[in-house]
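J.: The amino acid sequence is not available; the structure is as follows:
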């Protein structure tokens, strides 16, 4: 059916198509955007100070209140003092 030269050309053509397909797949993998991670996960959370006692505590331990035109963040120890002053919890 095919001669020796035609078989060699056919195998060469198949090999070139396969090689270009592999290059195309590798190029698409390389061009994918890398996931950008925010710096928050790498950095430890900074501590904030209580508005009354100025003690540094993690932000999750602060409770925020508003009153008299300002917002205050208070720790667990100072929370009753803020509630006595009739400040509104945010």
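T.: Right, received. Where do you want to start? Because the structure is a prediction, the values reported are computed rather than measured.
J.: Tell me which helix or strand comes right after the helix or strand encompassing residue 25.
T.: Using DSSP states H and E, residue 25 sits in helix 4-31. Counting by DSSP H and E, the next helix or strand C-terminal to helix 4-31 is strand 48-49.
J.: Run me through the strand neighbours of that next one, direction for each.
T.: Strand pairing for strand 48-49, determined by DSSP bridges: strand 56-57 (antiparallel).
J.: tell me the domain ranges of this protein?
T.: With domains defined by automatic domain parsing, the chain comprises 1-33, 45-89.
J.: Please tell me how far residue 86 sits from residue 52.
T.: The gap separating residue 86 from residue 52 is 15 Å, by C-beta to C-beta, to the nearest Å. Quick note: C-beta positions are derived from backbone N, CA and C, even for glycine.
J.: Could I get the domains of the chain in CSV, plus columns for mean neighbour count and mean pLDDT?
T.: Below are those laid out as CSV (neighbours: other C-beta atoms under 10 Å; pLDDT from 0 to 100):
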stretch, mean neighbour count, mean pLDDT
domain 1-33, 9, 82
domain 45-89, 14, 91
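J.: Please name the residues that touch residue 70.
T.: By C-beta atoms under 8 Å, 6 or more residues apart in numbering, the contact set of residue 70 is empty.
J.: State the distance from it to residue 86.
T.: Taking C-beta to C-beta, one finds residue 70 at 14 Å from residue 86.
J.: How about residue 71?
T.: 15 Å.
J.: cool, residue 74 as well?
T.: 14 Å.
J.: what does residue 10 give?
T.: Relative to residue 86, residue 10 is positioned 90 Å away (C-beta to C-beta).
J.: ditto for residue 17
T.: Distance from residue 17 to residue 86, by C-beta to C-beta: 80 Å.
J.: cool, residue 77 as well?
T.: From residue 77 to residue 86 the distance is 19 Å (C-beta to C-beta).
J.: ditto for residue 56
T.: 27 Å.
J.: wait, isn't residue 81 in contact with residue 52?
T.: Yes: using C-beta atoms under 8 Å, residue 81 makes contact with residue 52 at a distance of 6.1 Å.
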